[in-house]
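K.L.:
Generate a structure from the sequence data that follows.
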Amino acid sequence: MPVNQKAFADLSAELRAAQVALVAVSKTKPVEEIRELFELGQRNFGENYVQELVSKQPLLPQEINWHFIGHLQSNKVKHIAPFVHLIHGVDSAKLLKEIDKQAQKMDRTICCLLQVHIASEESKFGFDEAELSLLMKEIQNKQTVLSHAKICGLMGMASFTEDETIVRKEFSLLKSIYDRYASEEFNILSMGMSSDYKIAISEGSNMVRIGSLLFGVR
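P.N.:
The predicted structure follows:
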């Protein structure tokens, strides 16, 4: 299925006006469709699976900023460390330290977003508020030292529900947590997908992850 060029043009204009970054979620999509969107001007692409990302990356333009948006296992970090632009789902101190270690080996800095658990579903990953607060204090007090992993903001996923009130409440919670730490360098709030990005933006998101609106339903 070809890329929906009109949807991309409309969405891009909408997000530019709102000053929100677009990550095009390209998981399971062929390199031809990713290249088509790249040629239309899109530069940020998100993948959920390490093996798929590693296989696609060499086949596509080096100007692409690859975002890893899935659940990342520590033993897989080394495979994407040479080129990944931003890791969205950092959900443990252990994973953060492994990213730092692998980035140091590559002599590069990897930007990371800490994933906060805001949804009602237990299946979602992420820090709770207390765990996040503890980690941030440890970093501030240099109990946890990061030389090559840079925390650039937060990411979260709302509950999978049609109840807009619940979704809005969860996004609002994440925005309030983000505001505690926001600074010139801690400046990314990644929340919102195809089904709920408008709510996310209204609650303060500045980066959305959109797949099906651009590439069609998987």
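K.L.:
mind listing what the one residue sitting closest to the centre of the chain touches?
P.N.:
By C-alpha atoms, centre = their mean, the chain has its centre lying nearest to residue 88, at 3.4 Å. With contact set as C-beta atoms under 8 Å, 6 or more residues apart in numbering, residue 88 has these partners: 46, 67, 68, 69, 113, 115, 155, 190, 209. For glycine as for every other residue, the C-beta is placed from the backbone atoms N, C-alpha and C.
K.L.:
Try it again at 6 Å.
P.N.:
69, 113, 155, 190 (C-beta atoms under 6 Å, 6 or more residues apart in numbering).
K.L.:
Ok, residue 56 next?
P.N.:
Counting by C-beta under 6 Å, 6+ apart, residue 56 has contacts residue 31.
K.L.:
Correct me if wrong, but it is in a helix.
P.N.:
Yes - counting by DSSP: H, G, I helix; E, B strand; the rest coil, one finds residue 56 located in a helix.
K.L.:
Looking at strand pairing, list the partners for residue 44.
P.N.:
Taking DSSP bridges as the rule, residue 44 bridges to residue 65.
K.L.:
Can you list the neighbours in contact with stretch 62-82?
P.N.:
If you take C-beta under 6 Å, 6+ apart as the criterion, stretch 62-82 is touched by 23, 43-46, 48, 50, 54, 84-89, 95, 98-99, 102-103, 106, 125, 209.
K.L.:
Of the contacts of residue 88, which is the most crowded?
P.N.:
residue 190 (28 neighbours; other C-beta atoms under 10 Å).
K.L.:
mind checking pLDDT for residue 206?
P.N.:
The model reports residue 206 with a pLDDT of 98.
K.L.:
and it, how many neighbours does it have?
P.N.:
Look at residue 206: counted by other C-beta under 10 Å, it has 19 neighbours.
K.L.:
Which parts of this protein are strands?
P.N.:
Counting by DSSP state E, the chain has strands at residues 21-25, 44-47, 65-68, 86-90, 110-115, 149-155, 188-190, 207-210.
K.L.:
With only the CA atoms kept, save the longest one in PDB.
P.N.:
Output of strand 149-155 as PDB, limited to C-alpha atoms (Å, rounded to 0.1, in the frame of the first residue of the first chain):
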ATOM      1  CA  ALA A 149      23.600   8.700  27.500                       C
ATOM      2  CA  LYS A 150      21.700  12.000  27.600                       C
ATOM      3  CA  ILE A 151      18.200  12.200  29.100                       C
ATOM      4  CA  CYS A 152      16.300  14.600  26.800                       C
ATOM      5  CA  GLY A 153      12.800  14.200  28.100                       C
ATOM      6  CA  LEU A 154       9.900  11.800  28.800                       C
ATOM      7  CA  MET A 155       7.700   9.400  26.900                       C
END
